[in-house]
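Asks: Could you work out the structure for the sequence below:
(4 chains)
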There are 2 protein chains.
Amino acid sequence: MAETARHSEPRYGNRPTMKDVAARAGVGLKTVSRVVNGESGVTSDTERRVQEAIEALGFRRNDSARVLRKGRTASIGLVLEDLADPFYGPLNRAVEEVARAHGALLINGSSAEDPEREQELVLALCARRVDGLIVIPAGDDHRYLEPEIAAGVATVFVDRPAGKIDADVVRSDSFGGARDGVAHLIANGHRRIGFIGDQPRIHTAIERLRGYHAAMEDASLRVDESWVSLGTTAPDRVATAVTTLLDAPDPVTAIFSGNNRVTVTAVRTLAGRKRPTALVGFDDIELADLLGITVVSQDAAALGRTAAESLFRRLEGAGGAPDQKVLPTRLIARGSGEIPPHEG
Amino acid sequence: MAETARHSEPRYGNRPTMKDVAARAGVGLKTVSRVVNGESGVTSDTERRVQEAIEALGFRRNDSARVLRKGRTASIGLVLEDLADPFYGPLNRAVEEVARAHGALLINGSSAEDPEREQELVLALCARRVDGLIVIPAGDDHRYLEPEIAAGVATVFVDRPAGKIDADVVRSDSFGGARDGVAHLIANGHRRIGFIGDQPRIHTAIERLRGYHAAMEDASLRVDESWVSLGTTAPDRVATAVTTLLDAPDPVTAIFSGNNRVTVTAVRTLAGRKRPTALVGFDDIELADLLGITVVSQDAAALGRTAAESLFRRLEGAGGAPDQKVLPTRLIARGSGEIPPHEG
DNA sequence: TAGAGCCTGGACAACGTTGTCAGGGGAATG
DNA sequence: CATTCCCCTGACAACGTTGTCCAGGCTCTA
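Replies: Predicted structure coming up:
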């Protein structure tokens, strides 16, 4: 009593340790460890005694201590932009399944698109000594990760490449997808097409904008700079952007939206207007089939799965230069993208 | 060299430790600890030297060791049914925000509605010595948690109560919500109403079914047992159930669906039929406003927030008997629930 | 029956950190 | 100038586990 009274905190509510189990079973400490870890070299009789003691005491191995000793935590970190965004649900789940298959737990958190918060979260995960990291970058400078990567933390970036460091990336073909989507509108007769996308700080936003410009250029179409609205994801701003595009003196006849959140608001806004306007959105949305929304779909689950598999390959020792995997997108025509242009 | 060669694994890729920092800064180990933890009692000159050494070596505190010593991990576990289910996104996010406000990390995983997998996951989290657990139960027997709870792992169940143990619960008013939803259909003239819900093993499914029966009884309406379909969430089964209900000789004129996944499939199936059929669903769905789907909405984010706050209150020492919080639901009329009955 | 070899079990150190405590040096005071 | 006190610093043990190594007992063989 006196010897533990020195410590101020109660410590895990006084859980039994291997020492306690050993005492109760009348065996040595290491024998308990062997039983718990299923190692060989324990008589079945001894094993039974140990098991009984474990049962009786409600012992559960302390993985913190184990981790400290072994140097591997069997956990990986996932930093995404917003856990509540439906786009990341399947991605999250896919990563989890791969982690589970490798016996690892998943620690995750949202950066809320804030580079500072991303760094804070990533470093907290590194302090926990996660074996690996999957990061959907919010910031554009990841040099703060250099010491971590050097120290052996496997890192894979998803959706967007890392900033200012060379690392594995798994992403969708934003450029090609946007180009295809806009080309689809052009094929349906549109000549004046608006683009509403995310902040240009974000790599995917730039790529999609590039795709937009490429498609327009391929068709020798002029782009009026007033047609492009960037940094626009908040619902009110998207609504304003849509209205502005359509109420201009020489309005666009179609809109390409740069991500799922923009699409949702755009659909709502368009629904409130008299005349139907063509729309193609990047990212699929649940129930988009019923609403007839034409989208450029990216496979979020495949992104997560691919990234997690790359990560574990690295953890298993795969070397080689950082590689970049680009997954294809798929245009799904459902009606909104096939609406013909109306005369202004 | 010879003394470390005994160990087989490279150990965190040889990261610097406080000892290394101390040696480089020419100070004692404990002084480094003090600086890292921002404790008082260090000259600013000494602190600067230590900071420089930390910077130069790329030192990052090993939280595993810290956890072992301190007995608190500053992490909580969240076990939900499916990370990919859009219903859990906002819940997940809300829990994360509360955890973040308390300086804790979130470890999470999916039970996939499998009780065994739930237990496996929960116990893995306990082995990590998470400070607390938030569990959306898949199983109906949680006695396996008794030693953990006794050992001080704060536990809050969400969405459904724990099985065979007494613990804190935060859930929506499934009974009342379903009753209101069905009553709404009755108020719109329906007399024959179908119910499609989840497995009766799941508490919310039973409650919602009870609500359905209560509303029917309140209106003195007979319920034909063929109108009730349970254990039906897989898309093909839901589609079959809907079709069966509507193609019966004496068909129902309205359907109440027991959760978001059922609703989605039901909407799809109904969309493929000639005649519109009234529908009210439990759980809101993104874009349901545009589709005009009347729902009984529960606030997933509030569930998560409330649960996490209860958890941290317990962690901060709040005692008292386990309590049950029931959050209200809200009927949102959008059209599908106001379709009048058609004559069979 | 004695020796060799194998199998089981336990003592011990180490993982990297933090709590405790004691010592040393400087400033303030008589 | 001596003494007291306080502040800063560092040595040390402990957290609970696992890797290493050694001892003792057993079996098997010559």
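Asks: What residues does chain A have near DNA strand C?
Replies: Where chain A comes near DNA strand C, counting by C-beta under 7 Å from any atom of the strand, the residues are A:6-8, A:22, A:26-31, A:40-43, A:45-46, A:65, A:68-69, A:71. The way it works is simple: take the backbone N, C-alpha and C, and place the C-beta from them, glycine included.
Asks: Narrow those to those that are buried.
Replies: A:Ala22, A:Val27, A:Thr31, A:Val42, A:Thr46, A:Ala65, A:Leu68, A:Gly71 (16 or more other C-beta atoms under 10 Å in any protein chain shown).
Asks: Which one of those residues is nearest to DNA strand D?
Replies: The closest of those to DNA strand D turns out to be A:Ala65 (C-beta to the nearest atom of the strand; 3.4 Å).
Asks: who's in contact with the residue of the stretch 201-344 of chain A found nearest chain B?
Replies: Taking C-beta to the nearest C-beta, chain B has its nearest neighbour within the stretch 201-344 of chain A at A:Leu287, 5.2 Å off. For A:Leu287, the contacting residues are B:Val264, B:Val267, B:Ile285, B:Glu286, B:Leu287, B:Ala288, B:Leu291, by C-beta atoms under 8 Å, 6 or more residues apart in numbering or on different chains.
Asks: Get me the contact residues on chain A for DNA strand D.
Replies: Checking chain A against DNA strand D by C-beta under 7 Å from any atom of the strand, the hits are A:3-4, A:11-12, A:15, A:17-19, A:29-30, A:33, A:36-37, A:59, A:61-62, A:65-66, A:68-70.
Asks: Out of those residues, which sit inside helices?
Replies: Of the residues of chain A next to DNA strand D, the ones assigned to helices by DSSP state H are A:Met18, A:Lys19, A:Leu29, A:Lys30, A:Ser33, A:Val36, A:Ala65, A:Arg66, A:Leu68, A:Arg69, A:Lys70.
Asks: For the most centrally placed residue in chain A, give its distance to A:Ala162.
Replies: Nearest to the geometric centre of chain A sits A:Leu80, at 4.4 Å (C-alpha atoms, centre = their mean). Distance of A:Leu80 to A:Ala162, given as C-beta to C-beta, to the nearest Å: 15 Å.
Asks: Check A:Gly152 too.
Replies: For A:Gly152, the distance to A:Ala162 - C-beta to C-beta - is 17 Å.
Asks: So for those two, which sits in the more crowded spot?
Replies: Set side by side, A:Gly152 and A:Ala162 show unequal neighbour counts under other C-beta atoms under 10 Å in any protein chain shown, the larger going to A:Ala162 at 23 against 18.
Asks: pretty sure that one contacts A:Arg171?
Replies: No. The criterion here is C-beta atoms under 8 Å, and A:Ala162 misses it with A:Arg171 at 10.9 Å.
Asks: Those residues of the stretch 101-250 of chain A touching chain B, which are they?
Replies: A:105-110, A:123-129, A:146-148, A:150-153 (C-beta under 8 Å from any C-beta of the partner chain).
Asks: Keep only those of those residues that are in helices.
Replies: Under the assignment DSSP H, these contribute A:Leu123, A:Ala124, A:Leu125, A:Cys126, A:Ala127, A:Glu146, A:Pro147, A:Glu148, A:Ala150 to helices.
Asks: quick one: which two of the residues you listed are the most distant?
Replies: Farthest pair in these (C-beta to C-beta) is A:Ala124 and A:Ala150. Separation: 18.7 Å.
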